[in-house]
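Undergrad: Generate a structure from the sequence data that follows.
(chains A, B and C)
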Amino acid sequence: MTFSPELEARFAKMLEQYPPGRQRSAVVPMLLYAQDEVGAVTPELIEEVAKRCGVTPLQVNEVVGYYSMLHKKPLGKYHIQVCTNISCLLVGGEELYRRASQKLGIGNKETTPDGRFSLEEVECIGACSWAPAIEINYDFHHFVTPERLDQLIESLRKTE
Amino acid sequence: MADLVTFTIDGKAVKAPAGTLLIEAAKRAGIEIPSFCYYEGLALQAACRMCLVEIEKAPKLAVACTTPVAEGMVVHTESPTVATARKAMLEFLLTNHPLDCPVCDKGGECELQDMTFRYGAGESRFTEIKVHVDEKQWSPVVYYDGPRCILCYRCVRICDEGMGVGALGIVNRGVVSEIAPNAGDHLVCDECGMCIDICPVGALTSGAYRYKTRPWEMTHIGTICTHCADGCKTTLGVRNGQIVRGNNRDRSGINGEFLCMKGRYAFDFVHSEERLQAPMRRTGDNFEPISWGEALEMVARKFNEVKSRSGRFGVIGSNHTTNEENYYLQKFARQGLGTSNIDHHRTGDIATLVDALSGREDALATTLDLYDSKAILILANDLSQQHPFLAFQIRANRRHHDAHIYVITPGPVREDRYAVRSIRAPEGAELEAVEQLRDALQGESGLVILYGDAVKGDAVRRLVAFGDSLGIPVKYVALVDYSNSRGAFDMGLTPDLLPGYQPAPAPGLNYDEILASPDLDVLWVVGANPLKDHALASPGAFVVVQDLFMTETAKRADIVLPASSAYEKNGTVTNVCGQVQRLKAGAKVMGVKPDLEIMGLIGREMGLNLGIWKPDKVFDEIRSAVRGYNIPVPALAAGGAAATSPLNGRAPVPARPELIRSSRDTLFTSGTLGRYSKALGELLEAPGSLYGGR
Amino acid sequence: MPLYNEPSPLEVKVLTRRFGLPNSASIDTYLANDGYKAFLKAVEMTPEEIIQEVKTSNLRGRGGAGFPTGMKWSFVPRQSPKPKYIICNADESEPGTCKDRVLMEYDPHQLLEGMMIAGLAVDSKKGYIYIRGEYRYLIDHMERAIAEAYSRGWLGKNIQGTGKDFDIYTHSGAGAYECGEETALLDSIEGKRGIPRLKPPFPAVVGAWQSPTILNNVETFCAVPAIIRDGGAAFAALGTPKNGGTRLFCLSGHINKPGVYELPMGFNLLRMIDEVGGGVRNGKKLKAVIPGGSSCPVLKAEECDLAMDFDTVAKAKSMLGSGGVIVMDEDTCMVKAMLRIMRFYAHESCGWCIPCREGTTWLRKILTRFHEGLGERGDIDLMGDIAKNMLGRTFCALGDAAAMPMISFVEKFRDEFEAHLAGSCPFGQVHELALA
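TA: Reported below is the predicted structural model:
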């Protein structure tokens, strides 16, 4: 398996930044970055990361199910993560989640048939003082109102 | 020895070395602190929280499995607070544990069940929906029922730390965490089943045993595995004469919790449809069953006839039969038939080692030495495949004592992964390769050297000379293949050595010579299969075979006598390290007789007086007649192992390297016997190969 | 770079002093505003002197546990032949907490400098910043700052001719609250499941890759340059006894001016809500406050007149925690709030030990049913009992973090739980989420 030149460069750097013989340390970040490019943590990706980091596929598999951001099923091009944890909950996080679900026609951890959007109700994303907040892929959006959420989704529908 | 500290446990003043874990110190003081995840010898987890105890002046309950004892510590292991806490832990455990004890294999010997009885947590306040996932089959012998799993991680650790395989892991997180196999939906591993035995609940169950019976319906017979030479104790679960399972959950015997695939599952040959259950007589190209009376009379008549005309006998004994049988067989041959043409399939050079070490008191290593020695050198053997228990001991030694492992093998082996040095050397070049390790070995404080069949004859003498030159205490193990290979040699199943390695006055024909002799009149084979890979040169030889199956050799026989397997008889066997242990009859098979009895009856039919053929009586004779075997009987009687003592006096024999031929069995083969085990045959990993690095 | 929220005039800006400056994240801005001066000063100090200065400052860990930082550093066996590592815990995940984000975003070099000084204190040459995976933009941001520091000779070999070497790398998490626990973080950075380790040995002795390790929160490291530059005593003087300096409080919930504010340790909680945060929004009355992130026992409105330092909040039977001050008004359904908190802990329990793994899920299931109006009378006591059976008996603090709010909610708002037994939520709130 090969990745984009940028990712390959990142992986090369990653494997060097840990102490000698400790390449296993790269397993989690490598999976996450590779998932962004591949779309999901596939069995092939698990094999590949195991090979690159010098561990068994089982050792990689153990990690995959542990970390919430690693997904074996493909995510949408835009992964909409709505925080409903306590600080967001108090100021409308649930309403945002409901709105997103209705607008996209999908439930938690589901992906739209066209593969454009996926939705996830997430735990605290560290935007408590600017709640309610959502994260689309890795972009934070603060003080999100239902109307603002609609606009965001509409604008993403129009992108390539 | 660490300093002793004094502390109080349940009002009892106790001393223990500083640093001892509270749970262990309590056990030694006779107080059992319950636990699921703690397992002596494996990494500490502190996960199940069952071993909570109250330590005075501590702010909260402490876990006994990770708390070292300290001077003046006052511990309460069963105070009301502790009992309440344990009951609460059980309540937590049972929230998602199905209450399917009536159909669970573990019911009746389940640690969770026992604990629930003990702490009275039988009624749950949990009324929510339980987490459910379906049961999975991971191999022909391993099943996993996730909901029953309490996540104590014993299986993960025994597979990784104990076996060096690491085939089990933990996937997912939180309440949906579960154990997972290494090959996606199935296991690729040693199939040892250690994970099943070590499981405190019914999460991991055995494909061979599932739903067959309940623990209390079986008789539990502790005997010795009949496959490789390591001599593991296996506890046979027997119901109505049928072996239903093999395990070693009580950690008894030299092997503790260890058992490999063969010890745990490959008992099934006993009840194979191919077992011979009546004596057979050749009629042209076919065989017809005859009565024991007829068969014994025919054999005796032939033996007497050949003996009376001073005809030529050839006797080939077994690597699987008991010491008593082997001793009796050589006595029968030498005294009853008047021949020294007796041998067996030699799989390792013990004789030269015994001679080279003559006069030394402490130069033969036992399985305990493998766990204690500061350094281990493995020559020409894929230990994890050929001697799985010895490999297990060595792994434990490295884990617990940081022992240094050195490897010289023709190909990659599992031991490479934790060896301080691994050298690849073709077979026969081991003695050159050891020189590369001289400096490192000289720095060790003690060493055990194990060598495979490639090191034989003069190489053994050179190896001992090398050991002597290191200037450190060195002990040796001559690696041999089968459950009583060592005993066969010790009992004098060779043409040139009598029992106890006494030189025979007039050596007879050896294994190859017997088979190659064109004018052999009688070939008597007891529990061996020489014609698997040899031709019998004498066309007119009358062949008598005692065996379990219609082997290649049995097919050439004139008379075939159905014999009992090791699991159906009493007696003793001597393992690769010279430790003697007792076989105890478990299974019952109709129509067969133990080889000792068969020999006794033939002798009686011939009118010989070779002594009583009861195992205990023969063993008494062995104790007085065989050098090294004057071992304490009580230890044996109690199911323990007694080490044969080293020999004092030479055992001068010509080195016959050409006769030493290991069968090169893997973890999943076991000579001719292994062919009749379905359990071995149906494994994905079978037959496996040596030097694959697994 | 606009700030997420307007600063408050009541703030005492030490760690946040450069926030709002043009290009505050750039090394030039940093250098022009006392940046890296503390490092150069520390180079001239002995390790003992650095550690002493940190001890004098009364700096206590800002991740939540409040352990004295100088003492933690002093546990590192400096003479050990093993390499030593400086690891920054930027796995900010405690609900209600969002301070590390702004510290990294607006002043990344301050964090780098704090880590470098820690390196001098224990003879370490390598630092890693473990950043939660969701903060990808901050990983990129920190990497830019690190690259800038290398290019300007503030990282790498022979920093500024001092003869000192130090490297810093980032490491991405991938979504696991438990990895904020320091030993779980260590397992995670080694490429494993983030399962907490047995202690002892403590990370200072056996930490990352079996080597001595200093592990501190972002805010803790960020306080270090000021401490070295202006002296530990000056920092200590900003706070209350044994609670040195300022800290970043994250005001969230039903408040008019939510935001992250740097205030002196010991700042009064009611004043914080009213004067810094502009009071409860929509003119509502205050019902309750969780003072330090969702793990902390809740305080009723009448308990909120207290100094926000570790010891005073502990005396009120709660915790200062991570500085996440979650404000709840009179219309808040406490059952629902508790349910959401418990859903979080059940989701994040690593599953290692029995009481946490099973207890959090059990509580979540009862609370879900209870909030849907299917509660039974015995459930209220049962929930308290389950939590008490977890408390102090789990492998790590996550079990306690789940148990403590549960116990406090039942104790302090029992009436609301009782009201739910009537069949519905008295606040008309329904829990409709798909997740169970």
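Undergrad: Report the contact partners of the residue nearest to B:P279 when sequence neighbours are not counted.
TA: Spatial nearest neighbour of B:P279, chain neighbours left out: B:A295 (3.5 Å); criterion: C-beta to C-beta, 6 or more residues apart in numbering or on different chains. Where you see a C-beta, it was placed from the backbone N, CA and C, and this is true even at glycine. If you count contacts by C-beta atoms under 8 Å, 6 or more residues apart in numbering or on different chains, B:A295 has them with B:279-281, B:559, B:561.
Undergrad: for B:A295, phi and psi?
TA: According to degrees, to the nearest 10, the main-chain angles of B:A295 amount to phi -60, psi -50.
Undergrad: Can you show me the helices along the stretch 151-300 of chain C?
TA: Along the stretch 151-300 of chain C, the segments classed as helices by DSSP state H, counting those that start in this stretch run C:182-189, C:218-230, C:232-238, C:269-271.
Undergrad: circling back to that earlier point, quick check: the two most widely separated of the contacts of B:A295?
TA: Within these, two members stand farthest from each other by C-beta to C-beta: B:R281 and B:L561, at 10.4 Å.
Undergrad: Neighbour count: the two, which is higher?
TA: More crowded of B:R281 and B:L561, by other C-beta atoms under 10 Å in any protein chain shown: B:L561, with 26 against 16.
Undergrad: and that one, what element?
TA: strand B:559-562 (DSSP states H and E).
Undergrad: Run through who's touching that strand.
TA: Here strand B:559-562 makes contact (C-beta under 8 Å, 6+ apart) with B:275-282, B:287, B:295, B:298-299, B:543-548, B:550, B:554, B:591-593, B:598.
Undergrad: returning to what we had before: with distance to C:G283 as new columns, can the contacts of B:A295 be given to me in CSV?
TA: Output for those, formatted as CSV (distance: C-beta to C-beta, whole Å):
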residue, distance to C:G283
B:P279, 104
B:M280, 103
B:R281, 109
B:I559, 108
B:L561, 103
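Undergrad: Show me which of those residues is closest to chain C.
TA: B:L561 (57.9 Å; C-beta to the nearest C-beta).
Undergrad: Quick check: that closest one vs B:R301, distance?
TA: B:L561 sits 15 Å away from B:R301, going by C-beta to C-beta, to the nearest Å.
Undergrad: Next: B:R346.
TA: In terms of C-beta to C-beta, B:R346 sits 32 Å off from B:R301.
Undergrad: got the phi/psi numbers for the spatially closest residue to B:A26 that is not a sequence neighbour?
TA: Using C-beta to C-beta, 6+ apart and skipping residues adjacent in sequence, the residue nearest B:A26 is B:I33, 5.1 Å away. Note on B:I33: its backbone torsions stand at phi -100, psi 120 [degrees, to the nearest 10].
Undergrad: what's the distance between the residue in the stretch 51-200 of chain C positioned nearest to chain B and A:V63?
TA: Nearest residue of the stretch 51-200 of chain C to chain B (C-beta to the nearest C-beta) works out as C:L198 at 5.7 Å. To A:V63, C:L198 is 20 Å away according to C-beta to C-beta.
Undergrad: Compare these two (neighbour count), which wins?
TA: A count of neighbours by other C-beta under 10 Å puts A:V63 above the other of C:L198 and A:V63, at 27 against 14.
Undergrad: Provide a list of residues in contact with that one.
TA: Applying C-beta under 8 Å, 6+ apart, the residues contacting A:V63 are A:27-28, A:31, A:70, C:191-193.
Undergrad: ok, the residue sitting nearest the centre point of chain A - contacts?
TA: Nearest to the geometric centre of chain A sits A:M69, at 4.9 Å (C-alpha atoms, centre = their mean). With contact taken as C-beta under 8 Å, 6+ apart, A:M69 is in contact with A:32, A:35, C:133-134, C:174-175.
Undergrad: now swap in B:V315 and tell me
TA: Going by C-beta under 8 Å, 6+ apart, the list of residues near B:V315 reads B:329-330, B:332-333, B:337, B:339, B:341-343, B:514, B:523-526.
Undergrad: again, only using 10 Å
TA: Residues in contact with B:V315 (C-beta atoms under 10 Å, 6 or more residues apart in numbering or on different chains) are B:329-330, B:332-334, B:337, B:339-344, B:493, B:495, B:508-509, B:514, B:522-526, B:544.
Undergrad: what's it sitting at in phi/psi?
TA: The phi/psi pair for B:V315 (degrees, to the nearest 10) is phi -120, psi 130.
Undergrad: since we're on the nearest residue to B:V576 once chain neighbours are set aside, how many residues are nearby?
TA: Nearest residue to B:V576 in three dimensions, chain neighbours excluded: B:A229, at 3.8 Å (C-beta to C-beta, 6+ apart). Residues near B:A229, counting by other C-beta under 10 Å, number 28.
Undergrad: so how far is C:R343 from A:E160?
TA: In terms of C-beta to C-beta, A:E160 sits 37 Å off from C:R343.
Undergrad: So which of those two has more stuff around it?
TA: C:R343 (25 against 3).
Undergrad: my read is that one is in a helix, agree?
TA: Yes - C:R343: assigned to a helix according to DSSP: H, G, I helix; E, B strand; the rest coil.
Undergrad: That one touches C:T360, doesn't it?
TA: Yes - taking C-beta atoms under 10 Å as the definition, C:R343 is a contact partner of C:T360 at 9.0 Å.
Undergrad: Correct me if wrong: C:A223 contacts C:R247.
TA: Yes - counting by C-beta under 10 Å, C:A223 does reach C:R247; the two are 8.4 Å apart.
Undergrad: re the thing from before, where strands are concerned, which of the contacts of B:V315 count?
TA: Under the assignment DSSP state E, the contacts of B:V315 contribute B:342-343, B:522-526, B:544 to strands.
Undergrad: who has more neighbours, B:R346 and B:R301?
TA: Using other C-beta under 10 Å as the criterion, B:R346 and B:R301 rank with B:R346 on top: 27 against 12.
Undergrad: The more buried one and chain A, how far apart?
TA: 39 Å (C-beta to the nearest C-beta, to the nearest Å).
Undergrad: Kindly report the same for B:A528.
TA: 42 Å.
Undergrad: for that residue, helix, strand, or coil?
TA: coil.
Undergrad: again with the one 3 residues further on
TA: Classification of B:L531 by three-state DSSP places it in helix.
Undergrad: Would you check that it makes contact with B:V543?
TA: Yes - B:L531 is in contact with B:V543 according to C-beta under 10 Å; the separation is 8.8 Å.
Undergrad: okay, and the common contacts of these two?
TA: With C-beta under 10 Å, 6+ apart, B:L531 and B:V543 have common neighbours B:523, B:525, B:553-557.
Undergrad: how many other residues sit next to residue 131?
TA: The chain I'm using is chain A. 28.
Undergrad: not what I meant, chain B
TA: Neighbours around B:V131, by other C-beta under 10 Å: 16.
Undergrad: and if you look at C:G153?
TA: With other C-beta under 10 Å as criterion, C:G153 counts 13.
Undergrad: Contacts only, for it.
TA: C:159-162.
Undergrad: Out of the residues you listed, who's the most crowded?
TA: Most surrounded of these: other C-beta under 10 Å gives C:I159, at 21 neighbours.
Undergrad: low-scoring pLDDT stretches of chain C, where are they?
TA: C:1, C:429-436 (pLDDT under 70).
Undergrad: longest strand of it?
TA: Per DSSP E, chain C has its longest strand at strand C:246-253.
Undergrad: What strands line up against that one, and which way round?
TA: strand C:259-264 (antiparallel), strand C:324-329 (parallel) (DSSP bridges).
Undergrad: residues in the stretch 151-300 of chain C within reach of chain B, list them.
TA: Contact residues, the stretch 151-300 of chain C versus chain B (C-beta under 10 Å from any C-beta of the partner chain): C:175-176, C:178, C:193-200.
Undergrad: switch the cut-off to 6 Å
TA: Listed as neighbours of chain B in the stretch 151-300 of chain C under the rule C-beta under 6 Å from any C-beta of the partner chain: C:L198.
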